[in-house]
Every structure is written in structure tokens, then in C-alpha cells.
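Peer 1: Okay, predicted coordinates and the sequence, questions at the end:
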2 protein chains.
Amino acid sequence: MPSIHDVAALARVSIKTVSRVVNRAPNVSDELRERVTAAIRQLDYRPNQSARRLAGGRSFMIAFLYNNPAFSYNSGIQSGAASRCRDLGYHLVVEPMPLAGEERLEILDRLVATLRPDGVFLVPPLSDDAQLLQRLSELKLPCARIAGSVMAESFNIPTPERAAGRMVADHLIGLGHRRIAVITPPASHKAAVQRVAGFRDGLAAANLPLEDSLFVEGAFDFESGIAAGGRLLTQARRPTAIFATNDDMALGTLTVAHRLKLRVPEHLSVVGFDDTPAGLTAWPPLTTVSQPLEAMGAAVSDALAGGATDMPQFSFKLIQRDSSGPAPVQGAVTA
Amino acid sequence: MPSIHDVAALARVSIKTVSRVVNRAPNVSDELRERVTAAIRQLDYRPNQSARRLAGGRSFMIAFLYNNPAFSYNSGIQSGAASRCRDLGYHLVVEPMPLAGEERLEILDRLVATLRPDGVFLVPPLSDDAQLLQRLSELKLPCARIAGSVMAESFNIPTPERAAGRMVADHLIGLGHRRIAVITPPASHKAAVQRVAGFRDGLAAANLPLEDSLFVEGAFDFESGIAAGGRLLTQARRPTAIFATNDDMALGTLTVAHRLKLRVPEHLSVVGFDDTPAGLTAWPPLTTVSQPLEAMGAAVSDALAGGATDMPQFSFKLIQRDSSGPAPVQGAVTA
DNA sequence: GGAGAGTATGACAACGTTGTCCTAAATCCC
DNA sequence: GGGATTTAGGACAACGTTGTCATACTCTCC
């Protein structure tokens, strides 16, 4: 492995000049820059990160903290972030966190002490973990989040959750549904709560009544989708459509529908959120909302490593598949 | 941040002695060890990894290379590996690879040049990427793989693919099925090919004929499962059970069954492989084979970081759910 | 044409560890 | 009891960068 000294010798300059060229520092004449660049290419020189880190204080590492059990969500973001990191000469270190408990802070401390990452990347629901955010700010570690809502002095990629919720409402209302239920997220999942707000906006805009019995809270997993769906579908006046605030709960609702021998979408429309692979392979394929996960991950890497300053805007897309369709004709289906 | 010098000063020893204590090196008296340990605790000293790396040549980093589109598979392994890394004082750096192309080697080179990981971790189908393995061996980088089959001088966690295939065959045969089809993996996926071999073992043991038309190759994704399932289920003499060598293809088969209005499992049994979340949330829930992914990931970290020498053995489990059931009574269902 | 302000370059000391080599004391072996 | 070996500990030089400062040179301006 060639070192900076080898390059300097070949280019007949000092190691400092090589360093300047590598780091794109000013005050290097074109001629020397040329010579050094040529030498670097000839030797296939790559700076040693450890030495760089030791001398310069930067580690070229970004830590990715997650505790979301939704594999595909994390994976998409992680891929986007890791690829962009690679382009920027950084690396992405993954750190799975426990769902709760003081242990989180201890893990963070250890991570910071041993790795000293240049930045920390949080995804929901960690994005709203106040304790974690506070510790991060104490440690003066740059931090970037996706869909964070708690106030914090960190870079945050806002997501149009509310607009997406509205989009789902408009979709179902447009199909003629009038009695629509919602399976809401746990209150701790702040970003997802906005989906419900947007959905309510849509109901209000269409002058549809907001009935409390049509809003049931779920836990963001399949089982809770079954439970919530079960409660909704055994009501005397059954809704003709259900918006589940994530795909797992939507799939639970689909399962309940199958058990009750309700045909989807003829008798019941179901819409999820997240566009997980399981939604695509379900029966019928799930209408859902997709997020540009890879792009969002990449944007975070940019913010943390590249120093991008402008706040990117992302848009969610409604993916219409077969789990949603026209509302059944009045009176055609009764419990 | 305290450095080794601070610890040495507090314990009234040389920095070298502190280093010895930290690295559990021999030739330190109990008394000094005690004093140093106390000082370390008192100052909450943590060695600087970059300095360690620079001086010692180890980076305490393990690179996790993957290109498998199966999120849940990667995620499970990654979580297990990352958690164990944490316990061992290592970190896991993720590197998503493109599915094919020379670019792979370039990415590997850059990764090694800049990160210099202590080990590289490959999951299928990268585990059998001959080019990658060769480059790795040229670079003299310790490498560990899961379910690798190509000969290579690397640590490999063997998986009982063949036994699992046999297990599935026995399950279906035990349910009375006699005409069973298989959706096989692409030939490049060596590990999965063994599942088919095991399945054939089971057929042979039960004296069932091996009919070529009952073996259709898929591409390991949902779409190809639909295609292969379609071919199998529109045959004149339809199979009563289908073993798909992964869950995505099994879900495709389920979709075809729904389209053809075949009831599962009354008319058709379907078994998948991998125990993905989508299989659990499908309708009906998929009978499949689960692997101890987290434990496998942890074992690889052990091998790469801890120096564990004994080869762990893992077993696969058949998860019986509702997509498989007794074979339909002869003649009861005809096309 | 000379002071003052850039610009280009290099020498050298950090950075915080581990490896190598050296010394002194303790232990062993006949 | 005296040489050989082992054990415990330390001094110091790596490791490969970047930061700081010094220096020499080139403008610009009056």
C-alpha cells in the first residue's frame, strides 16, 4: 500500500502538498497539482482513513441507528444512505437499537466513544426519541433524522405525511366510500399520526362525519391489524373502506376480511401505507403509499457527509392496486 | 476524552503497561493490573480506535457485503452480526453491492483501500461469487460466508439446505400428497439448489416418480413465482402441492391459486422457504422453513472478530401454517 | 522602489496507540 | 552459587495523516 510519502517522492513535492491536493485545499499551483494527481493515479494511492482520522479529527463514518422492526423500510433507507456514503468517501456503520430502555443511551455512548462517527442518522421512531436527541446534542454530534417532529437542533428530512393521508382520503372518497374507518398508529409514532390528521382533513373537506367508533388504534404490527380490523368489521354498521396507517396493519385487516369471507375490494376496500414487499405479494395486492426511501437515505448522507444545506423535498406516491375499488352499491351488502 | 497517557499518569505506570492491560497481554502483575483497571474505570477511558488501527494494523471493522434483494433475510443476519460485533468491540460497516458486473470488484477494492476491514462477511448469493472470493484471497482478507459452496479458503457457515428440502418433502408426503411440483431456484443460487436435492431425496424415499414437468425453474422473485405457478397449475394433471424454494415464489403461486379460484390448502398445498414476514401476513399464512438468521449472523461475527474456531451447526425449522394441508381426496377435484 | 498583502510551498510536531527492544529482578537447574 | 531462562515493566520509535508555523516569492499600491 503506497503512502503519502511515496506519492510525494514520485511527484517531487512535500507530503503536505500531496495532502493539500487530496483535500482540495487552496494554494497549490496548477503545475504541482497536476504532478501530484498523476503520481496518485500512477501509484493508485488511497489515503489511510485511520491516520486521517487520528490527525484530522474526522472519522469518515456515519452511524445508522434503527429500531424499527419494518425490514423493508430500514433496508431501503440504508441502501440509499450507504450508496451515497460510498460516493462521498464515507462509510455507514449500522447499529441496531433495542426498542426501549436506558440501554439505548449506553449503546450510544459506547458507539461514540469507540467509533467517533462524524454524524448520526436516525429513522423513525428513533427520530423522535427525546432522550437520544438530547444526549446527541450534549455530545455535539451532528445528527440527521427522517420524519422527526420533536424540536431538535438537527437536520431533519420532513416527509409529507399529512398530505399523504389526505391523498388516501381523497382516493377512497373518490371511489364513492362514505363510511371509512382508520386504524391509527401508536401515539409515539409522531410522523404516522400526521397521516391520520391528513385523512381527517380529507373527510372534513368532503363533509363526511367524523365518528369516533371508526378510529381504532393499532400497534403498527400484523397482529394489531387483525385485532383492530376485527373490531371494525364486526360493528353493526360496517365501514366500506379501511385506511390502515401502515402495511402490516392493512395486511391484518385483509386477513380478517378473508376470515369473514368478505371480498376485497367488492365488499371492502383496504389501503395501507409504506409499500412493503408484503403488500405487493398479498392477495389482493395492496393499495398503499410509497416513499422514495433510497433517495431519502441518500439525502441524509449528503447532509451529514457532504454538507448539503438545502432541504430536499420528497413526495409520496399512492400506489393503486387491487385492494381498493368502488364502494359497494347501497344496501347490496349487509352484515 | 481521556487518553492512555491520562490513565498511565493516574495509575503511575507507563502507557505501555496500560496498553497491555487493555489488550489483555501477559506479563502484568496483579497489582498493577488492578491499579490500571481502576484508573480506566475512574476516567471512563476508551481506547481511540483510529490510533489503535494506525499503530496496530487492526481496524475493528467488519464489512458486510450483500446484494440479496430479500430484505428480511439480510436484515435478520445483519442484526445478529451487528449486535455481536458490538459485544466484541467491533463495528459492522454495510456495503450494498450491485447484482452483477465488474463494478463489484472495484467497490471491494475501494472498500478495502479506505476502510481496511479486519474481515469481510458475505451472504448468498455473494457467498458463491468466485471472482469476489478470489480477490478477497488475493488481498489476504479474512472472509466468512453463510451457505457458501464454492471451494474457498474461508470460514463458511454451512446450512442444512438439503435436510430442509427433505423435511418439506416428508411434510407434504405425510399429508398424503403424491403429485408434488417444485419451483426451483436459478442455478447460480447454489445453496438453494440443495433444497431441491433434498426434496428429491424425499420423493425417492417414498417411491414417488420424478417427473420432469413437475420441476419448473423460477428466478427467486414474486413475478417468477406467478409465472412458474401458472405453468404448473394449468397442466392437465395438476399437482396437489407445490414446493417453492423461496417465499417470494411461493407467494406468487398463492396469487395464481387465488386467480384460478383454487382454494388453499383444500385444493392445493403450497410451501415456501425463508420464513419472510410476507409469508406470515399472506392469505393463507404460508407454511415455510425458517432459519436462525440472527444466530447465524452472530456466529459469523464471532468467527471474524472473536476468533472462534469451532464450526457452529444450525438447524432449520419447518413452520407449519395454513397453506399446506391434507391432499384432496382422489377425484374430488378435477380441472 | 519599498512597504504591505497575498500566494505557494515545505519542515516539523502533533494525534493516541502498539511493536520492538532493553533492563532489572526473580526463578530455575545442576 | 552461578549461569541461563523467564517475568515484569519501561523508553522510544513507528504508523500515515493533518495542523501550525515559517519562509520565500509575487503582486499591488502610493
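Peer 2: That came in fine, so what should we check first? Source: prediction; values computed, not measured.

Peer 1: Helices of the stretch 201-335 of chain A, residue ranges please.
Peer 2: Here the stretch 201-335 of chain A has its helices, by DSSP state H, counting those that start in this stretch, at A:222-233, A:247-259, A:277-281, A:293-301.

Peer 1: who's in contact with A:Ser324?
Peer 2: Contacts for A:Ser324 (Cβ atoms under 8 Å, 6 or more residues apart in numbering or on different chains) come out as A:171-172, A:175, A:241, A:265, A:269-271, A:287. Every residue, glycine included, has its C-beta placed from N, CA and C.

Peer 1: From these, pick the one nearest A:Leu65.
Peer 2: Set against A:Leu65, the nearest of the contacts of A:Ser324 by Cβ to Cβ is A:Val271 (30.1 Å).

Peer 1: Look up the closest residue to A:Arg237, ignoring the ones flanking it.
Peer 2: Excluding its sequence neighbours, the residue lying closest to A:Arg237 (Cβ to Cβ, 6 or more residues apart in numbering or on different chains) is A:Arg179, at 6.8 Å.

Peer 1: Mind checking which of the contacts of A:Ser324 are in strands?
Peer 2: A:241, A:269-271 (DSSP state E).

Peer 1: and DNA strand C, which of those residues reach it?
Peer 2: Among those, not one lies near DNA strand C by Cβ under 7 Å from any atom of the strand.

Peer 1: can you tell me which of the residues you listed lies nearest to DNA strand D?
Peer 2: A:Val271 (51.1 Å; Cβ to the nearest atom of the strand).

Peer 1: got the contact list for A:Leu318?
Peer 2: A:164, A:167-168, A:171, A:287-289.

Peer 1: make it 6 Å
Peer 2: A:167, A:171, A:289 (Cβ atoms under 6 Å, 6 or more residues apart in numbering or on different chains).

Peer 1: separation between it and DNA strand D?
Peer 2: Counting by Cβ to the nearest atom of the strand, to the nearest Å, the separation of A:Leu318 from DNA strand D is 47 Å.

Peer 1: A:Ile77 against A:Pro292, yeah?
Peer 2: No - with contact defined as Cβ atoms under 6 Å, A:Ile77 does not count as touching A:Pro292 (10.0 Å).

Peer 1: Those two: which has the busier surroundings?
Peer 2: When neighbours are counted by other Cβ atoms under 10 Å in any protein chain shown, A:Ile77 and A:Pro292 differ, and A:Ile77 comes out ahead with 27 against 18.

Peer 1: To which secondary structure element is the more buried one assigned?
Peer 2: Secondary structure assigned from DSSP states H and E places A:Ile77 in helix A:71-88.

Peer 1: tell me the angle of that helix relative to helix A:247-259?
Peer 2: Using axes from the mean of the first three to the mean of the last three Cα atoms, to 10 degrees, the direction of helix A:71-88 lies 150 degrees away from that of helix A:247-259.

Peer 1: helices or strands up against helix A:71-88?
Peer 2: strand A:91-96, helix A:293-301, helix B:71-88, strand B:91-96 (3 or more Cβ pairs under 6 Å, 6 or more residues apart in numbering or on different chains; DSSP states H and E).

Peer 1: Apply 8 Å and report the result again.
Peer 2: strand A:61-66, strand A:91-96, helix A:293-301, helix B:71-88, strand B:91-96 (3 or more Cβ pairs under 8 Å, 6 or more residues apart in numbering or on different chains; DSSP states H and E).

Peer 1: and the third one, anywhere near chain B?
Peer 2: Read it as helix A:293-301. No - using Cβ under 8 Å from any Cβ of the partner chain, helix A:293-301 stays clear of chain B, with a minimum separation of 9.9 Å.

Peer 1: Show me which residues of the helix holding A:Ile77 are buried.
Peer 2: Buried residues in helix A:71-88, counted by 16 or more other Cβ atoms under 10 Å in any protein chain shown: A:71-86, A:88.

Peer 1: likewise stretch A:139-149?
Peer 2: Buried residues in stretch A:139-149 (16+ other Cβ under 10 Å): A:141-149.

Peer 1: one step back: right, and the residue nearest to A:Arg237 touches A:Ala236 too?
Peer 2: No - if you go by Cβ atoms under 8 Å, A:Arg179 and A:Ala236 don't touch, sitting 11.6 Å apart.

Peer 1: of these two, who's got more company?
Peer 2: Neighbour count, other Cβ under 10 Å: between A:Arg179 and A:Ala236, A:Arg179 has more, with 15 against 6.

Peer 1: and A:Val13, what helix or strand is that in?
Peer 2: Assigned by DSSP H and E, A:Val13 falls outside every helix and strand.

Peer 1: Please report how far the closest residue to it other than its chain neighbours lies from A:Tyr45.
Peer 2: Residue nearest to A:Val13 in three dimensions, not counting chain neighbours: A:Leu32, with 5.8 Å by Cβ to Cβ, 6+ apart. With the distance defined as Cβ to Cβ, to the nearest Å, A:Leu32 ends up 16 Å from A:Tyr45.

Peer 1: So for those two, which residue has more residues nearby?
Peer 2: A:Tyr45 (20 against 17).

Peer 1: Per-residue pLDDT of the more buried one, please?
Peer 2: Listed pLDDT for A:Tyr45 reads 92.

Peer 1: now do A:Ala305
Peer 2: On the pLDDT scale, A:Ala305 gets 84.

Peer 1: hang on, isn't it packed against A:Asp87?
Peer 2: No - in this structure, A:Ala305 is not within contact of A:Asp87 by Cβ under 8 Å, at 9.2 Å.

Peer 1: which stretches of the stretch 1-150 of chain A form strands?
Peer 2: All strands of the stretch 1-150 of chain A, identified by DSSP state E, counting those that start in this stretch, fall at A:61-66, A:91-96, A:119-122, A:143-146.

Peer 1: mind putting those in TSV, mean pLDDT and distance to A:Arg20 included?
Peer 2: Shown next, in TSV, are the strands of the stretch 1-150 of chain A (pLDDT from 0 to 100; distance: least, Cβ to Cβ, whole Å):
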stretch	mean pLDDT	distance to A:Arg20
strand A:61-66	95	24
strand A:91-96	94	24
strand A:119-122	94	25
strand A:143-146	92	29
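
Peer 1: Tabulate those strands in TSV, adding columns for distance to A:Ala227.
Peer 2: Formatted as TSV, the strands of the stretch 1-150 of chain A follow (distance: least, Cβ to Cβ, whole Å):
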stretch	distance to A:Ala227
strand A:61-66	26
strand A:91-96	27
strand A:119-122	29
strand A:143-146	28
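
Peer 1: How about the residues of the stretch 51-200 of chain A by DNA strand C?
Peer 2: Near DNA strand C, when you scan the stretch 51-200 of chain A using Cβ under 7 Å from any atom of the strand, you find A:51, A:54-55.

Peer 1: got the contact list for the residue nearest to A:Glu95 when sequence neighbours are not counted?
Peer 2: Among residues not flanking A:Glu95 along the chain, A:Leu65 sits closest, at 5.1 Å (Cβ to Cβ, 6+ apart). Shown in contact with A:Leu65 (Cβ under 8 Å, 6+ apart): A:95, A:97, A:108, A:120-123, A:126, A:132.

Peer 1: Report the separation between A:Leu65 and A:Ile77.
Peer 2: A:Leu65 is 12 Å from A:Ile77, by Cβ to Cβ.

Peer 1: ok so, going back, which of the buried residues of stretch A:139-149 lies closest to DNA strand D?
Peer 2: Nearest to DNA strand D among the buried residues of stretch A:139-149, with distances taken as Cβ to the nearest atom of the strand, is A:Pro142, at 16.2 Å.

Peer 1: Any idea which residue of the stretch 101-250 of chain A lies closest to chain B?
Peer 2: A:Ala113 (4.0 Å; Cβ to the nearest Cβ).
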